[in-house]
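Participant: Mind folding the following:
(one chain, ligands or ions: 1)
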Amino acid sequence: MVRGLARPTPFLRLWFDCAGLYGRAARSVQGDAYTGCCPRCGKKISFPIGPGGTMKRSFRVTCTP
Ligand SMILES: [Zn+2]
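Facilitator: Predicted coordinates for the structure are as follows:
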């Protein structure tokens with residue numbers, strides 16, 4: 001067991017305007033996107049992962065009906 005190495009977190013932090021709550025987007029099984037859903041209305045959010053992508057770890061999400 002190797003310990004002490006920082007691994008990239010498999011989650012993004014999301015702020016849902018709609019719900020007024022923080023949530024998380026988990027990395028997909030394929031590793032090509034983060035997906036989460038709004039705790040209030042259930043809207044699915046996905047953030048593709050790819051070269052040239054942002055290093056931001058948190059995002060504000062606004063659900064549009
Ligand atoms: Zn919502």
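Participant: Close to the ion: what parts of this protein are there?
Facilitator: 18, 38, 40-41, 43, 63 (C-beta under 5 Å from the ion). Just so you know, the C-beta spots here come from the backbone N, C-alpha and C atoms, and that holds for glycine as well.
Participant: Mind picking the two most distant members of those?
Facilitator: Pairwise distances across the residues of the chain next to the ion (C-beta to C-beta) peak at 8.6 Å, for the pair Arg40 and Lys43.
Participant: in this structure, which spans are strands?
Facilitator: In the chain, strands defined by DSSP state E lie at 11-16, 21-27, 33-37, 44-48, 58-61, listed in chain order.
Participant: contacting residues around the second one?
Facilitator: Residues from elsewhere that reach strand 21-27, judged by C-beta atoms under 8 Å, 6 or more residues apart in numbering: 10-16, 33-40, 45-47, 49, 59, 61.
Participant: the inter-axis angle of it versus strand 33-37?
Facilitator: 140 degrees (axes from the mean of the first three to the mean of the last three C-alpha atoms, to 10 degrees).
Participant: cool, the first one as well?
Facilitator: Our comparison of strand 11-16 with strand 33-37, counting by the same axes, to 10 degrees, yields an angle of 40 degrees.
Participant: Show the low-confidence segments of this structure, by residue range.
Facilitator: For the chain, the stretches with pLDDT under 70 are 1-9, 65.
Participant: residue nearest the centroid of it?
Facilitator: Closest residue to the average C-alpha location of the chain: Ala25 at 2.8 Å, with C-alpha atoms, centre = their mean.
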